[in-house]
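Student: build me a model:
(chains A and B)
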Amino acid sequence: DQQVKQNSPSLSVQEGRISILNCDYTNSMFDYFLWYKKYPAEGPTFLISISSIKDKNEDGRFTVFLNKSAKHLSLHIVPSQPGDSAVYFCAASERNTPLVFGKGTRLSVIA
Amino acid sequence: GAGVSQSPSNKVTEKGKDVELRCDPISGHTALYWYRQSLGQGLEFLIYFQGNSAPDKSGLPSDRFSAERTGGSVSTLTIQRTQQEDSAVYLCASSDERVEAFFGQGTRLTVV
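Tutor: Numbering: from 1, shown residues only, chains lettered A, B, ... in the order given. Next comes the predicted model:
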């Protein structure tokens, strides 16, 4: 059973608009959440994270929102740029356990 | 180098042969992970080393898969008697006391 779910396999957004990538989880013991970005033929790169004690974390154009009651988090990218086109993975962690990843969402930013 | 290094970057092997994949983590990182990504799939956890603790092997798909981490640094993932379904990108990551894991570029394994 998937503990971390990214229900949208792909998303297309116009350059300059907002991209919203969603992630749901089932394990209420998860206390840390991360987003990774992956380009073809490269390993995933860490993007942004959020602790379960917060509901928002912002880093430049990237903001992650956490709704613990709904077991839902989202990544907002604004404004979206063509270079943001990649596969985005949501991941979650309990303390001292391996990261659990979703299946990813392929974002295409159209110029 | 400063990042996680994996070798080889590509490996083509015949079905039934054994393969070894190597990972050099970031110096000083105590945690090391192996994941794999099959075509069109997400990141599947394989094994996790944390310091001197016994490794978490719960993600290994069969007893043909094994991994070791020597001296708390370099790790080798071994796949015995490879099968075509083992074809995937094998990714290694390491982390320090923070949760964020840093990934290598991966080894693309093709079993023919």
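Student: quick one: the helices in chain B, in order.
Tutor: Under the criterion DSSP state H, chain B contains no helices.
Student: what parts of it come near chain A?
Tutor: For chain B, the residues in contact with chain A (CB under 8 Å from any CB of the partner chain) are B:4, B:33, B:35, B:41-43, B:45, B:48, B:50, B:56, B:59, B:91, B:93, B:99-106. The way it works is simple: take the backbone N, C-alpha and C, and place the C-beta from them, glycine included.
Student: beta partners of the residue nearest to the spatial centre of chain B?
Tutor: Taking CA atoms, centre = their mean, the centroid of chain B lies closest to B:W34, which sits 3.5 Å from it. Taking DSSP bridges as the rule, B:W34 bridges to B:I47, B:C92.
Student: tell me the contacts of it?
Tutor: Residues in contact with B:W34 (CB atoms under 8 Å, 6 or more residues apart in numbering or on different chains) are B:C23, B:L46, B:I47, B:Y48, B:A67, B:S75, B:L77, B:Y90, B:L91, B:C92.
Student: from what I can see the fifth one touches B:S75, true?
Tutor: Okay, so that is B:A67. Yes: with contact defined as CB atoms under 8 Å, B:A67 reaches B:S75; the gap is 6.1 Å.
Student: close to chain B, is stretch A:44-56?
Tutor: Yes: remark: stretch A:44-56 sits within contact range of chain B at A:P44, A:T45, A:F46, A:S49, by CB under 8 Å from any CB.
Student: alpha carbons of that stretch, as PDB, please.
Tutor: Extracted C-alpha coordinates of stretch A:44-56, given in PDB (Å, rounded to 0.1, in the frame of the first residue of the first chain):
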ATOM      1  CA  PRO A  44      17.000  13.700  -7.800                       C
ATOM      2  CA  THR A  45      18.000  17.000  -6.300                       C
ATOM      3  CA  PHE A  46      16.600  18.300  -3.000                       C
ATOM      4  CA  LEU A  47      14.300  21.300  -3.500                       C
ATOM      5  CA  ILE A  48      12.500  22.200  -0.300                       C
ATOM      6  CA  SER A  49      11.300  20.600   3.000                       C
ATOM      7  CA  ILE A  50       8.900  21.200   5.800                       C
ATOM      8  CA  SER A  51       8.700  19.900   9.300                       C
ATOM      9  CA  SER A  52       5.300  18.700  10.700                       C
ATOM     10  CA  ILE A  53       5.400  21.500  13.200                       C
ATOM     11  CA  LYS A  54       5.000  24.000  10.500                       C
ATOM     12  CA  ASP A  55       2.300  24.600   7.800                       C
ATOM     13  CA  LYS A  56       4.300  26.600   5.300                       C
END
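Student: thanks again, I'm all set now.
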